[in-house]
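**Student:** show me how the following folds:
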Amino acid sequence: KSVKNDETTEYVQDKLRSALWLIKSIENRQKTIEKVAHAIIRYQPEFFKKGAVALKPMILKDIANEIGVHESTVSRVTTNKFVHTPIGTYELKFFFNAGIGGKNGGIDIASESLKLKIKELIDNEDKKKPLSDQKIADILSKSDIQVARRTVAKYREGMNILTSSKRKNAS
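**Tutor:** Residues are numbered from 1 along each chain as shown. Purely as a prediction, here's the structure:
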């Protein structure tokens, strides 16, 4: 009887240890997600005031260094995690954008912000004389955003916006 009791007790204690380990792991992951979210909010204050046009370039390493974890940890905890903000709900991955356009003395701009600027230029163009990708790049360079014509083309295509000649024919 005591042998069975000892085996049962050991079995129950093993399962209890496993359950406590799982609970602690979940709590640690939750704390890490909170740290990442708070770091993003501190790093991107203008985004929360003005929206995606004010998104700053930010990479996983920026947040990882700030909260003292590895980049892979930040990547893992931001995958399929969302944050509800006063201006909408966003996946945490959305906030990570490499800087573009900072070459030759220009200013860095987040890729999402650049997409919005390109879309805005196209939305406000003269429909009879649509802007070419080169003209868009030239206009952006006047705002100190140095970006190649092919980058404008890549983002335009990614947003399913037609070429200038096809936009002209469509209107």
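
**Student:** what about the strands in the protein?
**Tutor:** Assigned by DSSP state E, the chain shows strands spanning 82-85, 88-91, 99-100, 109-110.

**Student:** which of those comes out lowest on mean pLDDT?
**Tutor:** Looking at the strands of the chain, the lowest mean pLDDT belongs to strand 99-100 (a mean of 72).

**Student:** okay, now the sheet partners of it, with direction.
**Tutor:** strand 109-110 (antiparallel) (DSSP bridges).

**Student:** ok, and what's touching the partner strand?
**Tutor:** Strand 109-110 is contacted by residues Leu55, Lys56, Pro57, Met58, Asn97, Ala98, Gly99, Ile100, Gly101, Gly102, Lys117, Ile145 when judged by Cβ atoms under 8 Å, 6 or more residues apart in numbering. For the C-beta atoms, the positions are set from N, CA and C on the backbone; glycine is no exception.

**Student:** helices - which of the residues you listed land there?
**Tutor:** Lys117 (DSSP state H).

**Student:** looking at the contacts of strand 109-110, which is nearest Pro86?
**Tutor:** Nearest to Pro86 among the contacts of strand 109-110 is Leu55, at 15.4 Å by Cβ to Cβ.

**Student:** low-scoring stretches of the chain, by residue?
**Tutor:** 1-4, 101-107, 171 (pLDDT under 70).

**Student:** let's see that with 90 instead.
**Tutor:** 1-10, 48-57, 59, 85-87, 96-117, 126-128, 140-148, 151, 165-171 (pLDDT under 90).

**Student:** please name every helix or strand in contact with the longest helix seen in it.
**Tutor:** The longest helix of the chain (DSSP H) is helix 2-43. If you count contacts as 3 or more Cβ pairs under 8 Å, 6 or more residues apart in numbering; DSSP states H and E, helix 2-43 packs onto helix 60-67, helix 71-78.
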